[in-house]
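Q: Got a predicted structure here, sequence first:
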Amino acid sequence: MLATFLTAAILHHGDILGFLGQMGHALDRPDAKTKPLIDKALACRDSELKALTGGKPSPEACAMTEDVVVAAKNVGINVLPDGRVLTNSQLAMLSDDELDEARTHADGVNSGAFRSLNVPNPSSSVHVVPIQPRALRASYPLPLREAMRRLVDGDLVRFLQSQHCGVLVHAHVSVDGDRSVSWRITSEGEERIRYTVTLSADGVDATRVALDISDRQPRFEYIEAQQNGGGRSSAVFRPALNAPLRPAFVEAINAILEERLFRYGRQWNQNDWLPGDSTTAGLCGNQRDRLMMSGERFSIYDPVRFN
């Protein structure tokens, strides 16, 4: 399931900027560690483009092979058996129970696949079992009042840890009547993103959930590369949270309503990606890496620049 690893940006947009942004300026400084990942991303993208133009794609081009898993591990990216892709810091945040859950998810298919994080596997292909992309349930088995209570009292700490982009952010919860909850994501006193959940009864003991996202972050325009279709697009230079915005917050809602921990890692539906999201995600990863490696600080008022 290389689509999970290389992100929907590569497969859906033919754009590797978001992926390479997580690799620490891989385009600027390709080396022995990043070159296999860049080559794999390009081969997978070319195969997908060939399929879109009526050609015959190569199944091997996008296969999640052992060499890809090992190369990813060498640059701090870990592929779990359940399909999640975690940085070293995200992996360190997992509890023993969560690691056991990831192993259990792969049982019956390739119970030894988890060793691919650290130990070479004699097989040429690693069987990564993808977990279901993050989606809201059609209905939650909770009375509306109980669903409302859980959302209002819910904890977004792990969500913010997972999604922040190196810019200090805060989450503020508010209630509108007895059916709507909003979370304002602010930075330096300014609202950047607003998530609003609206509830509706589905009988007496079940509740439907709808999510609306208002992205208020200022964007800058740029010209897409010709190989990505050209044309104008826009992205967020100092994003508050990683793109795309929807799937991770859907996971936060599910975790709160199911009274479990938020699951670190990324699983996207292709439709979750909006124009410019892959560039925003690359900038987010760049900021986050620079904060963790050198303690560099960022402000939402920083002028747009690339260096």
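A: That came in fine, so what should we check first?

Q: CA only for contacts and neighbour counts going forward, please
A: Noted.

Q: the strands in this structure, which residues?
A: Applying DSSP state E to the chain gives strands spanning 77-79, 85-87, 170-176, 180-187, 190-201, 207-215, 220-223, 232-235.

Q: Turn these into JSON lines, including mean neighbour count and distance to residue 251.
A: Formatted as JSON lines, these follow (neighbours: other C-alpha atoms under 10 Å; distance: least, C-alpha to C-alpha, whole Å):
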{"stretch": "strand 77-79", "mean neighbour count": "24", "distance to residue 251": "19"}
{"stretch": "strand 85-87", "mean neighbour count": "20", "distance to residue 251": "15"}
{"stretch": "strand 170-176", "mean neighbour count": "14", "distance to residue 251": "16"}
{"stretch": "strand 180-187", "mean neighbour count": "19", "distance to residue 251": "15"}
{"stretch": "strand 190-201", "mean neighbour count": "18", "distance to residue 251": "13"}
{"stretch": "strand 207-215", "mean neighbour count": "16", "distance to residue 251": "12"}
{"stretch": "strand 220-223", "mean neighbour count": "12", "distance to residue 251": "28"}
{"stretch": "strand 232-235", "mean neighbour count": "16", "distance to residue 251": "24"}
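
Q: Which among those is found nearest to residue 94?
A: The closest of the strands of the chain to residue 94 is strand 85-87. By C-alpha to C-alpha, the value is 10.0 Å.

Q: Next one: the closest residue to residue 262 other than its chain neighbours relative to residue 80, how far apart?
A: Sequence neighbours aside, residue 255 is the residue nearest to residue 262 in space, at 5.3 Å (criterion: C-alpha to C-alpha, 6 or more residues apart in numbering). Distance, residue 255 to residue 80, by C-alpha to C-alpha, to the nearest Å: 19 Å.

Q: more neighbours, the two?
A: residue 80 (25 against 19; other C-alpha atoms under 10 Å).

Q: Show the pLDDT at that one.
A: What the model reports for residue 80 is a pLDDT of 75.

Q: again with the one 5 residues further on
A: pLDDT for residue 85: 73.

Q: Please shift the residue numbers so they start at 42 in all later answers.
A: I'll keep to 42 as the first residue from here, and by that count the last item is residue 126.

Q: Wait, it touches residue 114, no?
A: No. Using C-alpha atoms under 8 Å, residue 126 is not in contact with residue 114, being 10.4 Å away.

Q: And for the residue lying farthest from the centre of the chain, nearest residue in space, chain neighbours not counted?
A: In the chain, counting by C-alpha atoms, centre = their mean, residue 245 sits farthest out from the average C-alpha position, at 34.8 Å. In space, and not counting its chain neighbours, residue 245 is closest to residue 184: 6.2 Å by C-alpha to C-alpha, 6+ apart.

Q: so that neighbour touches residue 249, yeah?
A: No. In this structure residue 184 lies outside contact range of residue 249 using C-alpha under 8 Å: 9.8 Å.

Q: got any residues that touch both of those two?
A: Counting by C-alpha atoms under 8 Å, 6 or more residues apart in numbering, the contacts common to residue 184 and residue 249 are residue 242.

Q: centre of the chain versus stretch 221-239, how much separation?
A: Offset of stretch 221-239 from its chain centre (C-alpha atoms, centre = their mean, to the nearest Å): 19 Å.
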